[in-house]
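Enquirer: could you work out the structure for the sequence below:
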Amino acid sequence: MKPFYRRVGGHLLTGLVGLITTSAAALTVVPPTFSELVACAESIVRTEVVDTSAEWRRTSDGRPFIVTLVTLKIEATLKGAASEELVLTQLGGRIGETWLAIPGLPKWRKGDRDFLFVAENGRVICPLVGLPHGRYWIVRDPANQAEYVARNNGAALAAVADVVNPLTGVGATPARLLASANPLHPPLSAPQFETAVRDEVARQAAAMAH
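Expert: Numbers count the residues shown, from 1 in each chain. Now for the predicted structure:
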């Protein structure tokens, strides 16, 4: 199965610079199902952002462009080879007064904790399966210190089946997660989400073995 970002226009880093527009439609993504999200990921990890930095790169014909390097501490590996650290390469960023902004790509902050579904790191504009659909925030409830899962727009994730729903209202903050959650469908806790991912990884591995 090919990753969704490839099917919906995730061009190679070295071939994309001249194709970037300021239209968010350029990064329209077909949301994957939960099973597809797991299947397309080369690695699935629970992480914390340690640092971000930007650097210049050049295309094969010499044109300069900026990439952001996101250094992550890996807290747990749910799929793929285990490691202590991961550095993601994402197109865009800022160096001095020069910006390369790509609408729709994730924004990273030191201390952010997430579940990430990673594929083709360094070879595509963003190494998350389904772009924003490949990142799930870990949000701590200050009332009881329990950790819950939110989508990349800040909306509570009540069930893994909901990952296929379109992302709307991008810009919600983690602090609003619990207040906006449906009381009849509370958000998944981080351990519940992690268990669901591990179970799906095991189910797919068993299916491939037969």
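Enquirer: hey, let's count contacts and neighbours off CA atoms from now on
Expert: OK.
Enquirer: hang on, Leu86 is in a strand, isn't it?
Expert: Yes - Leu86: assigned to a strand according to DSSP: H, G, I helix; E, B strand; the rest coil.
Enquirer: and the gap between it and Asp51?
Expert: With distances taken as CA to CA, to the nearest Å, Leu86 is found 11 Å from Asp51.
Enquirer: what do these two both touch?
Expert: By CA atoms under 8 Å, 6 or more residues apart in numbering, Leu86 and Asp51 have these common neighbours: Thr71, Leu72.
Enquirer: which other residues reach stretch 161-169?
Expert: Under the criterion CA under 8 Å, 6+ apart, residues Pro31, Pro32, Thr33, Phe34, His133, Arg151, Asn152, Asn153, Leu157 lie in contact with stretch 161-169.
Enquirer: next, work out how far apart the residue nearest the centre of the chain and Thr59 are.
Expert: The centre of the chain sits closest to Arg135, judged by CA atoms, centre = their mean, with a distance of 2.9 Å. Applying CA to CA, the value for Arg135 to Thr59 is 27 Å.
Enquirer: low pLDDT regions in the chain?
Expert: 1-28, 169-185 (pLDDT under 70).
Enquirer: give the buried residues for the longest helix along it.
Expert: The longest helix of the chain (DSSP state H) is helix 190-209. By neighbour count on 16 or more other CA atoms under 10 Å, the buried set for helix 190-209 is Ala190, Phe193, Glu194, Val197, Arg198, Glu200, Val201.
Enquirer: stretch 35-51 too?
Expert: Buried residues in stretch 35-51, defined by neighbour count with 16+ other CA under 10 Å: 35-50.
Enquirer: tell me the helices in the protein, going along the chain?
Expert: 4-7, 13-16, 34-40, 177-180, 190-209.
Enquirer: one step back: packing partners of the longest helix of the chain?
Expert: Secondary-structure packing of helix 190-209 (3 or more CA pairs under 8 Å, 6 or more residues apart in numbering; DSSP states H and E): helix 34-40, strand 64-79, strand 147-150.
Enquirer: 10 Å instead, please
Expert: Contact here means 3 or more CA pairs under 10 Å, 6 or more residues apart in numbering; DSSP states H and E; on that basis helix 190-209 packs against helix 34-40, strand 43-58, strand 64-79, strand 113-118, strand 135-140, strand 147-150.
Enquirer: hmm, who's touching it?
Expert: 34-35, 37-39, 44-46, 76-80, 114-115, 136-140, 146-150, 157-160, 187-189 (CA atoms under 10 Å, 6 or more residues apart in numbering).
Enquirer: how about 8 Å then?
Expert: By CA under 8 Å, 6+ apart, helix 190-209 touches Ser35, Val38, Ala39, Leu78, Lys79, Ile138, Glu147, Tyr148, Val149, Val160.
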